[in-house]
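Visitor: Here is a sequence together with a model predicted from it:
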Amino acid sequence: MHTAPLTPELRQALLERQRDEITEYHIYRALAQRMSDPANREVLEEIAGMEKRHYDLWREVTGEEVAPQRWKVRLYVTLATLFGLTFTLRLMERGEEEAQAAYEYLARFFPQAREVEQEEAQHEDRLLELLREEKLEYASSVVLGLNDALVELTGALAGLTLALQNGPLIALSGLITGLAAAMSMAASEYLSTKAEKGPKRPLKAAVYTGVAYLITVLVLIMPYLLLDNYYLSLGLTLAASVAIIALFTFYNAVARGSSFWRDFLEMALISLGVAALSFGLGYLLRLWLGVEV
């Protein structure tokens with residue numbers, strides 16, 4: 001099976017590939033056991049079987065058994081529970097650069113290594129395309145709630161900061177505005193989804209939009225409830241806004257294979273631009289109306 005003796009360096013490379021293969025076998029198997037959808041379970045079991053075959057191939061060469069990295073199995077199972085199956089599997093794919101370099105090295109001694117690499121790349125891509133997941137189907141509804149909350153509420157809070165100059169009052173005004181907007185956005189998403197007559201259920205889409213909006217509202221107004229300095233509160237609110245944008249953009253970039261930096265910069269610039277404009281308008285309106293709070 002190989003064209004050179006098993007040097008210590010070559011043996012170590014093989015044992016590392018064995019470890020990765022058996023670890024991924026246990027990850028896919030654990031995820032499959034948690035699937036309620038039979039189609040998704042079948043896909044994951046097929047990938048797990050492929051990983052086990054590759055492990056057995058390298059085990060025949062080294063003559064050694066290798067234990068899986070249990071911490072990594074637990075990590076990816078937890079990520080799948082929290083963020084969904086598609087995100088987790090795509091995240092696993094992003095860590096394959098090291099494996100590809102290892103396969104390139106092994107292919108110099110084992111022709112089978114290149115075949116294994118190609119099988120994994122082609123087979124996994126084809127199978128992952130077959131996965132169906134509710135969290136990803138309703139991601140557009142979450143995006144709608146986040147986008148509107150971040151743009152509208154950061155702008156409103158920036159304007160209210162200069163207009164009112166009172167932390168609890170700013171928080172109260174922002175909360176009332178946010179609650180009304182969340183219900184409005186949920187109702188709009190319900191009607192829009194119902195009119196589309198697509199696979200998404202209107203009520204569930206509305207809930208995703210409304211909940212995403214409401215959570216964003218609570219995060220953004222929290223600094224005004226905890227701090228006395230309303231300018232510092234505004235700074236923390238803007239920082240929280242950028243952090244939320246970064247987290248969800250990263251999620252979307254991994255799950256859907258989109259560009260992180262392009263989407264992140266576009267959304268961040270819009271949100272912060274609206275906040276800056278509203279901040280200036282709040283100052284001008286306060287002067288024009290002569291309001292003192």
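Guide: On my side now, so go ahead. Numbers count the residues shown, from 1 in each chain.

Visitor: what distance separates stretch 252-268 from the centre of its chain?
Guide: 10 Å (C-alpha atoms, centre = their mean, to the nearest Å).

Visitor: do stretch 6-22 as well
Guide: Relative to where its chain is centred, stretch 6-22 has its mean C-alpha point 32 Å off (C-alpha atoms, centre = their mean).

Visitor: Now do it, average pLDDT.
Guide: In this model, stretch 6-22 carries a mean pLDDT of 86.

Visitor: can you pull the buried residues of it?
Guide: Neighbour-count burial for stretch 6-22 flags 10, 13, 14, 15, 17, 18, 19, 20, 21, 22 (criterion: 16 or more other C-beta atoms under 10 Å). Any C-beta I mention is one placed from the backbone N, CA and C, and that applies to glycine too.

Visitor: At the geometric centre of this protein, which residue do we find?
Guide: residue 251 (1.8 Å; C-alpha atoms, centre = their mean).

Visitor: The closest residue to that residue other than its chain neighbours is in what secondary structure piece?
Guide: Leaving aside its chain neighbours, residue 251 sits nearest to residue 87 (6.0 Å; criterion: C-beta to C-beta, 6 or more residues apart in numbering). Element membership for residue 87, per DSSP states H and E: helix 85-94.

Visitor: which helices and strands does the helix or strand following that helix pack with?
Guide: Next helix or strand after helix 85-94 toward the C-terminus (DSSP H and E): helix 97-106. Contact analysis of helix 97-106 by 3 or more C-beta pairs under 8 Å, 6 or more residues apart in numbering; DSSP states H and E lists helix 8-33, helix 111-128 as its packing neighbours.

Visitor: okay, now residue 243: neighbour count?
Guide: 11 (other C-beta atoms under 10 Å).

Visitor: Could you report the neighbour count for the residue nearest to residue 251?
Guide: Neighbours around residue 87, by other C-beta under 10 Å: 23.

Visitor: how much space between it and residue 247?
Guide: Separation of residue 87 from residue 247 (C-beta to C-beta, to the nearest Å) stands at 12 Å.

Visitor: circling back: relative to helix 8-33, how tilted is the helix holding residue 87?
Guide: Orientation check (axes from the mean of the first three to the mean of the last three C-alpha atoms, to 10 degrees): helix 85-94 against helix 8-33 gives 170 degrees.

Visitor: Helix 85-94: which residues count as buried?
Guide: So for helix 85-94, counting by 16+ other C-beta under 10 Å, buried means 85, 86, 87, 88, 89, 90, 91, 92.

Visitor: What's the mean pLDDT across that helix?
Guide: Helix 85-94 comes out at a mean pLDDT of 77.

Visitor: Once you drop chain neighbours, what's closest to residue 55?
Guide: Closest to residue 55 by C-beta to C-beta, 6+ apart is residue 21, at 3.9 Å.

Visitor: swap in residue 58?
Guide: Nearest to residue 58 is residue 18, by C-beta to C-beta, 6+ apart, at 4.6 Å.

Visitor: pretty sure that neighbour is touching residue 62, no?
Guide: Yes - the pair residue 18 / residue 62 is scored as a contact, 6.7 Å apart, by C-beta atoms under 8 Å.
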